[in-house]
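1. Structure, please.
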Amino acid sequence: MPDGTPIFLRFAQPVYGLMAASKYVAIKKGTRVRLVAGADVRSGGRIIIPRGSLAQATVTNVLPYGATLSNNGLTLGLDWVESITGEKVPLRPERSGDPVPFTIKIYSTNGGVEVVPHVVTRRRALADLGKFMSGWDVFRPKAFHERSWIPAGSRLHVFLHGDLTVSAKELDEAQADLPVQNLTATVYVFRTKDNNGPAPGVSCDQGEARSLGSQQSLVFDLQPGEHSCKVASSLAIALTTQAGTDYFLRLRQASGAWKLEQVADEEGEDRIAGCQFLAPLNPGSNTK
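-> Residues are numbered from 1 along each chain as shown. Next comes the predicted model:
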């Protein structure tokens, strides 16, 4: 697996700095922070870093209010993520460069909370100061979504530091220990909180249509292959599904009409966590 391979992590614990909590609650410098891989990382069709693998970062600084332009005052250093063979693989915050400590920005987004690494250099520090002094950095739209602490489940995108080589024998043995893959694909359809009233039915292929209310989610188990899902008489969305894979469709209203749109896995996972799951349909009623 080559140097610079992107890796998606999630925080497995909340992290509070001095700007969000008292000195008795705030995390301390030198504390190890637990993370997990949020998605499988593959190379050559094989899983090298399984979803759920442990990862670790270290708090390198915790600054009080007024000591920094940051909203959280936290500085982290990436340590490692565990590969399928148990090797602790080094990470870095940017696609190229060294595994140096970094300050962070924490944003509430449509799909959850995103932690964005910000490696401080002299040039960047001067640019950040200029933005702050001009008011651009304070009053830009994104600034209103900044948070002062990291909730559990927050997303962090990082990169492999250095090439990773795993022997074929070790990899085959580790692959054999992975859980058996589902034979079907899972399609989650969700609707976020809104005031748009009752929704028309949602269906996949020729299956039964089901009404989806505000902050509700339903599940379709589909055989691998070509499928289409739709809401009422709107244009269907086409899906090519693979066994053991999850897909996320959002139901929303646009220009007075309901529509389905596919979203990224990480956004879908965050969205359905806050939804009420409807009872599944009878097995096989939405398979093709």
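2. Only C-alpha atoms from now on, for both contacts and neighbour counts.
-> OK.
3. Strands of the stretch 1-150 of the chain, residue ranges please.
-> Counting by DSSP state E, counting those that start in this stretch, the stretch 1-150 of the chain has these strands, from start to end: 6-11, 15-16, 32-37, 41-43, 46-49, 54-62, 74-82, 88-92, 102-109, 112-118, 149-150.
4. From the contact counts, what lies against the second one?
-> Contacts of strand 15-16 with other secondary structure elements, assessed using 3 or more Cα pairs under 8 Å, 6 or more residues apart in numbering; DSSP states H and E, are made with strand 149-150.
5. same check, this time on the last one
-> The helices and strands touching strand 149-150, judged by 3+ Cα pairs under 8 Å, 6+ apart, are strand 15-16.
6. Listing partners with orientation, what would you give for the strand it packs on?
-> strand 149-150 (antiparallel) (DSSP bridges).
7. what's in contact with the next helix-or-strand element following the strand it pairs with?
-> Downstream of strand 149-150, the first helix or strand assigned by DSSP states H and E is strand 155-160. By Cα atoms under 8 Å, 6 or more residues apart in numbering, the list of residues contacting strand 155-160 from outside reads 2-11, 89-95, 112-117, 266.
8. re the thing from before, with distance to residue 270, mean neighbour count and mean pLDDT added, can I get the strands of the stretch 1-150 of the chain in TSV?
-> Compiled in TSV, the strands of the stretch 1-150 of the chain are given as follows (distance: least, Cα to Cα, whole Å; neighbours: other Cα atoms under 10 Å; pLDDT from 0 to 100):
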stretch	distance to residue 270	mean neighbour count	mean pLDDT
strand 6-11	11	21	94
strand 15-16	18	22	94
strand 32-37	15	21	96
strand 41-43	20	15	86
strand 46-49	21	19	87
strand 54-62	19	20	95
strand 74-82	22	22	95
strand 88-92	24	21	95
strand 102-109	10	20	87
strand 112-118	6	20	88
strand 149-150	15	24	92
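9. can I get the ones you listed in TSV with distance to residue 255?
-> Shown next, in TSV, are those (distance: least, Cα to Cα, whole Å):
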stretch	distance to residue 255
strand 6-11	34
strand 15-16	40
strand 32-37	38
strand 41-43	38
strand 46-49	42
strand 54-62	43
strand 74-82	42
strand 88-92	43
strand 102-109	23
strand 112-118	25
strand 149-150	35
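10. Residue 220: which of those is closest?
-> Minimum separation from residue 220 across these (Cα to Cα) falls at strand 112-118, 23.3 Å.
11. Can you list the strands that that closest one pairs with?
-> strand 102-109 (antiparallel), strand 155-160 (parallel).
12. would you turn those into a markdown table with distance to residue 239?
-> A markdown table is the format used below for the strands paired with strand 112-118 (distance: least, Cα to Cα, whole Å):
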| stretch | distance to residue 239 |
| --- | --- |
| strand 102-109 | 26 |
| strand 155-160 | 26 |
